[in-house]
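In: Pasting the sequence and the predicted model now:
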Amino acid sequence: MESKLYLLSGTPGTGKTTVAKKLKDNNFSIISLGDFVIQNNLFCEEDKKRDTKIIDEEKINSFFSKYLSNNKFSIPIIIESHYADIIDLPCEIAIILRCHPQILEKRLQSRNYSPEKIRENIQAELLGDSTSHMLEREDLIEKGSIFEINSSNLTIEETANKIAEIIQKPENFQDLKAGWLSWLSDPTVQMENYLD
Ligand SMILES: Nc1ncnc2c1ncn2[C@@H]1O[C@H](COP(=O)(O)OP(=O)(O)OP(=O)(O)O)[C@@H](O)[C@H]1O
């Protein structure tokens, strides 16, 4: 039997990589899509202005699909990336990590990101871009299997455990179905600090 696929998305800095490392202990294989793309050079062009490379979604999907067929996985696979939604193979569940903008700002500052890059990422989190992208996946919407976790006040371990629990029994987490969280209507978010 083929291994089941799960998607873990969220704005950079929300904790996907850190939490995914913990999930390895819960018997999941982890694939960091960002590393996979770099290792296999799955880019189509360079955005010189933003000093970044543009990913080639078609190439990623065809390469990834071959990679899964050539490597037999015996345990479920979690694909983590802020663009995990682009994976067009059948997936069981998608989970989006969310983080309070003020906490995210501190985390991104500690990465020495430029003020523009921090602002861009916080705006993406404020607007729930990762959730919106995932909600374009009709297959997952039909199954009602897109969830959001607010990890702002959770430890890394608690976040990892919550992910494992959702995967095990999604029916117990109806309250976490995508759309429940909006920073835009949260009075603790100082919107004027982040919007242009
Ligand atoms: N509850 C928490 N869950 C996840 N990360 C946390 C938590 N509390 C603090 N952190 C810290 O936040 C940072 C998250 O960074 P991480 O690289 O895991 O984010 P990411 O979402 O994978 O970012 P990117 O998309 O850029 O890879 C880490 O330094 C981690 O230690």
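Out: Perfect, I can see it now. Numbering: from 1, shown residues only.

In: Residue of this structure nearest the ligand, please.
Out: Nearest to the ligand in the chain, going by C-beta to the nearest ligand atom, is residue 15, at a distance of 2.3 Å. C-betas here are computed from N, CA, C, even on glycine.

In: for that residue, what are its contacts?
Out: 97, 99, 151, 156, 159 (C-beta atoms under 8 Å, 6 or more residues apart in numbering).

In: Tell me the pLDDT of the third one.
Out: In this model, residue 151 is scored at 95, pLDDT.

In: Next, count neighbours for it.
Out: Neighbour count of residue 151, defined by other C-beta atoms under 10 Å: 24.

In: which residues does it contact?
Out: Contacts of residue 151 (C-beta under 8 Å, 6+ apart): 14, 15, 19, 97, 98, 99, 159.

In: Spatially nearest residue to it (excluding sequence neighbours)?
Out: Nearest non-adjacent residue to residue 151, counting by C-beta to C-beta, 6 or more residues apart in numbering: residue 159, 4.4 Å away.

In: from the contacts of residue 151, which two are the most distant?
Out: The most widely separated members of the contacts of residue 151 are 19 and 98, with 12.4 Å between them, by C-beta to C-beta.

In: Of those two, which one has the most company?
Out: residue 19 (27 against 24).

In: quick one: residue 3 and residue 73 touch, right?
Out: Yes: using C-beta atoms under 8 Å, residue 3 is in contact with residue 73, at 4.0 Å.

In: Packing partners of the worst-scoring helix or strand of the chain on mean pLDDT?
Out: Lowest by mean pLDDT, DSSP states H and E among the helices and strands of the chain is strand 43-47, with a mean of 84. Using 3 or more C-beta pairs under 8 Å, 6 or more residues apart in numbering; DSSP states H and E as the contact test, the elements touching strand 43-47 are strand 52-55.

In: hmm, back to that, tell me which element the residue nearest to residue 151 falls in.
Out: Using DSSP states H and E, residue 159 maps to helix 156-168.
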